[in-house]
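>>> Fold the stuff below for me.
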Amino acid sequence: MIEGPPKPFEAGAIFRCPVLLVDEVTRKIMHLDMDAFFASVEQADNPGLRGKPVIVGGEVRGVVCAASYEARRFGVHSAMPVFQAKKLCPRAFFLPVRMGRYKEVSCAVMEILRAISPVVEQVSIDEAFVDITGTERLHGDLTVLCRRIKSLVRQSASLTCSIGIAPNKFLAKIASDYKKPDGLTIIEPERVEEFLRRLPVGKIPGVGKKTGEELRKLGIVFVADMLKFPAGYFEARFGKWGAVLHSRALGIDPSPVEPCTAPKSVSAENTLACDTDNTAELEKMLLSQAEEVGRELRKMGFRARTVTLKIKLSDFKTITRSRTLPEPFDTTDILFGTGQKLLEDLRPGQKVRLIGIGASNFYCGPSQMNIDSSGRPTARSERLDRALDQLRSRYCDDVVVRGRMIDIV
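Reported below is the predicted structural model:
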């Protein structure tokens with residue numbers, strides 16, 4: 001453990017290097033972040049909820065997926081257990097997740113951004129980076145452009161968003177969060193050093209609670225405080241992340257906006273209504289999740305090689321197990337069968353609180369015929385899956401249900 005900065009450097013000394021890389025000076029990166037997205041969609045769809053505390057998550061034993069700004073005033077935040085949110089804000093409206101609706105609204109917002117620039121990197125359902133470098137002659141003043149985007153989002157979805165523009169991605173993300181909700185912050189290249197000097201270090205993306213505590217022990221409260229130490233000191237203390245962290249303190253982030261980044265995994269998980277060690281109940285939930293993950297795989301046109309099972313025990317201990325198959329697959333039967341075997345081999349020994357399944361290690365090429373979990377050729381399973389996909393896409397997710405899942409639905 002390194003106790004302090006290397007001796008050759010005096011405490012309080014500031015080490016400077018060029019704030020921006022040459023190629024970054026010309027870049028203009030936009031980050032758009034929807035405001036309290038899930039909760040705001042619910043308020044937009046139901047005007048009676050506007051101005052009232054709304055919490056999306058629903059299940060008593062689940063976690064908060066999103067909280068409206070009215071609910072946040074009571075201390076509610078995402079990832080908080082629902083039971084805790086109910087104690088803080090008992091009069092809030094607790095609503096279930098409607099992921100299909102949120103994806104529909106998200107697609108509309110992303111289309112607005114793609115009309116501005118072809119270089120759009122969607123990083124989650126409610127946020128995206130846009131490289132608008134060189135579009136000034138087309139779109140004019142940046143402030144006017146941002147206000148036009150905000151207006152289009154408001155017209156198409158009755159929602160607000162926050163926008164940040166800066167010379168690179170990490171600064172643009174910080175800028176979008178700077179004046180939420182419905183914020184607009186533009187950081188010009190010549191203002192980067194001044195902006196970072198007054199910025200709390202915890203605002204740097206990737207600096208979580210643990211890293212923040214370590215930095216505070218070193219007397220680092222604001223980003224400018226990091227420049228009292230040489231880059232090598234942070235790399236020795238935090239590894240590769242330390243070197244990146246020091247670069248961020250200098251305003252440097254060369255990472256490009258990547259519009260074609262393919263997903264690396266697909267997963268689904270659920271917190272159970274009651275802790276259980278009933279294998280039949282766990283497998284029933286696993287089958288429901290396998291259908292959801294398998295359908296998403298087929299929709300994206302991917303096959304996967306690796307199946308991962310995740311469980312959280314009643315003592316909150318999380319266990320994951322994975323298995324890589326010899327041939328890529330996209331059928332629900334193979335996904336469920338593999339997850340079922342992983343659960344059988346795991347034998348947790350105590351009640352389970354959460355269960356989930358995921359598929360990764362994607363493959364896009366042709367695949368030879370395989371055998372599903374019941375010993376049948378996958379061609380039959382593939383035809384069944386695609387027939388179910390078409391029915392659910394045309395009507396609703398619950399139009400056809402496997403018999404053993406009827407009580408879940």
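
>>> Could you use CA atoms for every contact and neighbour count after this?
Noted.

>>> Which residues are in contact with P200?
With contacts defined as C-alpha atoms under 8 Å, 6 or more residues apart in numbering, the neighbours of P200 are 221-223.

>>> Apart from its chain neighbours, what residue comes closest to Y363?
With sequence-adjacent residues excluded and distances taken as C-alpha to C-alpha, 6 or more residues apart in numbering, Y363 is closest to R303, at 5.1 Å.

>>> quick one, phi/psi of the one you found?
R303 adopts backbone torsions of phi -120, psi 150, taken as degrees, to the nearest 10.

>>> Now do it against E296, distance only.
Distance, R303 to E296, using C-alpha to C-alpha, to the nearest Å: 10 Å.

>>> Those two: which has the busier surroundings?
Using other C-alpha atoms under 10 Å, the more surrounded residue of R303 and E296 is R303, with 23 against 16.

>>> The more buried one: what's it in contact with?
297, 328-330, 362-364.

>>> if I look at P81, how far off is V56?
Where V56 is concerned, P81 sits at a distance of 11 Å (C-alpha to C-alpha).

>>> Now list whatever residues contact both of these two.
For the pair P81 and V56, residues contacting each of them under the criterion C-alpha under 8 Å, 6+ apart are V64.

>>> Poorly predicted segments of the stretch 201-350 of the chain, please.
Low-confidence regions of the stretch 201-350 of the chain, defined by pLDDT under 70, span residues 260-262.

>>> Which helix in this protein has the most residues?
helix 279-300 (DSSP state H).

>>> Please identify the buried residues of that one?
Using 16 or more other C-alpha atoms under 10 Å as the burial criterion, the residues of helix 279-300 that qualify are 282-298.

>>> Contact partners for S247?
When contacts are counted by C-alpha under 8 Å, 6+ apart, S247 touches 231, 253.

>>> Tell me how many other residues crowd E190.
For E190, the count of nearby residues is 12 (other C-alpha under 10 Å).

>>> that older thread, P81 and V56 - which one has more neighbours?
Between P81 and V56, V56 has the larger neighbour count (other C-alpha under 10 Å), namely 25 against 18.

>>> Pretty sure that one sits against F94.
Yes. Counting by C-alpha atoms under 8 Å, V56 does reach F94; the two are 5.8 Å apart.

>>> Which parts of this structure are strands?
29-34, 54-56, 66-67, 93-95, 120-124, 127-131, 161-166, 184-186, 265-276, 303-313, 318-329, 352-363 (DSSP state E).

>>> Can you tell me which of these is most buried?
Comparing the strands of the chain by mean neighbour count (mean count of other C-alpha atoms under 10 Å), strand 54-56 ranks first with a mean of 29.

>>> Neighbouring strands of that one in the sheet, and parallel or not?
Strand pairing for strand 54-56, determined by DSSP bridges: strand 66-67 (antiparallel), strand 93-95 (parallel).

>>> Looking at the ones you listed, spot the one closest to V153.
With distances scored as C-alpha to C-alpha, the stretch of the strands paired with strand 54-56 nearest to V153 is strand 66-67 (19.3 Å).
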